[in-house]
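Visitor: Provide a 3D model corresponding to the input given below.
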Amino acid sequence: MSRWEGFEELVKVVEVGSFSGAARSLGVSKGHISQRISQLEERLGARLLHRTTRKLSLTELGNLYYERCRQVVDDLEEIESAVTQYQQKPTGLLKISSPNLLGEMQIVPAIADFVQKHSALEVALNFYSRRVDLVEDGYDIAIQVGKREDINVVNRVIARTRFQCVASPRFLNQNGSPGDPDDLRRLRCLQFTEYGVSKPWRFQKDGKDKTVKGHGIWQSNSGHCLLAAARAGVGIAYLPDYYLAEDIKEGRLIPILVEWCAVERDIVAIYQQRRHMTAKVKLFVDFIERRFGVSRPW
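Guide: Numbering: from 1, shown residues only. Sure, this is the predicted structure:
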């Protein structure tokens, strides 16, 4: 017999004053209640209840045991209430990972608005180009471009981004504008690298895909670096639209190969797959999906 079995039944019997009342309250049979308390008394080697046809009363040892059991039940109810509240209201620390520029330009303002509505919440936002391990690194949510294939994670699409080819007016005046993605093989290109590997640039036209690896004269794992180099006229960059919107608007960068549609990719919020999601994760992901899903802020 488990050391926990019987104590809750004893507390309920004392509270309501009868075996039948305790059985109704706990949703079990009267015989089940009687059996559990008898087993408890047998395990303890002590009588806890005086039983008569008219009423029940605690023995001296029973009263001592009941008081301690009552405290345990109260503590359990308090813990369960705290857990329920934690699940229903966003409290505690919400730890988020995000790419640098997307985080600085879009996620930070979103979080600022979110915490205005949920003042009991604390936030830790860190910027990484790498993909964080939710469990090992202790993150509630990772926001990134492209889905993950990890086991037991949820990929929630919150927006879509389109990659664009751009160059500065000075670069285009000096080198001309490419008419076809194949022209990138002879033009200076600014390439993003991940773990030392650069990926080819993808384009689409008339339902056909084309991948091109340009003449890479500048490589970096930082989108900030590639953006700055493109502004300075060093070469052609291939970056997500949230990097480029302001520069294109102000004329610092010019879209090129516009008739070739660069591939769209999902911006996703990634979190652990759990049966009971905490309120802070659910509410924030719902909030950011509504904020970015209707229209791209950039």
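Visitor: going forward, measure contacts and count neighbours with C-alpha atoms only.
Guide: Noted.
Visitor: And the strands in the stretch 51-200 of the chain, which stretches?
Guide: Ranges of strands in the stretch 51-200 of the chain, per DSSP state E, counting those that start in this stretch, are 56-58, 92-98, 121-127, 141-145, 153-167, 188-194, 197-198.
Visitor: Residue ranges in the stretch 101-250 of the chain under the pLDDT threshold?
Guide: 151 (pLDDT under 70).
Visitor: rerun that using 80 as the cut-off
Guide: Within the stretch 101-250 of the chain, the ranges that satisfy pLDDT under 80 run 101, 129-131, 135-136, 149-152, 194-197, 207, 216.
Visitor: so which of the strands of the stretch 51-200 of the chain comes closest to K280?
Guide: With respect to K280, and counting by C-alpha to C-alpha, the nearest of these is strand 92-98 at 6.8 Å.
Visitor: which residues sit against stretch 103-115?
Guide: Taking contacts as C-alpha atoms under 8 Å, 6 or more residues apart in numbering, the residues outside stretch 103-115 that touch it are S98, L121, E122, F127, F284, F287, I288, R291, P297.
Visitor: same question, stretch 152-164
Guide: In contact with stretch 152-164 (C-alpha under 8 Å, 6+ apart) are residues 147-148, 237-242, 255-256, 262-274, 285, 288-290, 292-293, 296.
Visitor: Let's see that with 6 Å instead.
Guide: 238-241, 262, 264-273, 289, 292-293 (C-alpha atoms under 6 Å, 6 or more residues apart in numbering).
Visitor: Can you tell me the centre-most residue of the chain?
Guide: Centroid-nearest residue in the chain, with C-alpha atoms, centre = their mean: I141, separated by 2.6 Å.
Visitor: ok, now how distant is that one from S119?
Guide: For I141, the distance to S119 under the criterion C-alpha to C-alpha, to the nearest Å works out to 19 Å.
Visitor: One more: R70?
Guide: According to C-alpha to C-alpha, R70 and S119 sit 35 Å apart.
Visitor: Then V14?
Guide: Here V14 is placed at a distance of 42 Å from S119 (C-alpha to C-alpha).
Visitor: likewise W201?
Guide: When distances are taken as C-alpha to C-alpha, W201 and S119 turn out to be 43 Å apart.
Visitor: between those two, who's got more neighbours?
Guide: Each of W201 and S119 had its neighbours counted (other C-alpha atoms under 10 Å), and the higher figure belongs to W201 (22 against 10).
Visitor: Check the contact between the more buried one and V212; I expect there is one.
Guide: Yes - applying C-alpha atoms under 6 Å as the test, W201 and V212 come out as touching, 5.3 Å apart.
Visitor: Now do the helices in this protein.
Guide: Residue ranges of the helices in the chain, as given by DSSP state H, are 7-16, 19-26, 30-44, 60-88, 100-102, 108-117, 169-175, 223-231, 241-250, 279-293.
Visitor: which of the residues in the first one are buried?
Guide: Put plainly, it is helix 7-16. The neighbour-count check on helix 7-16 (16 or more other C-alpha atoms under 10 Å) flags F7, E8, E9, L10, V11, K12, V13, V14 as buried.
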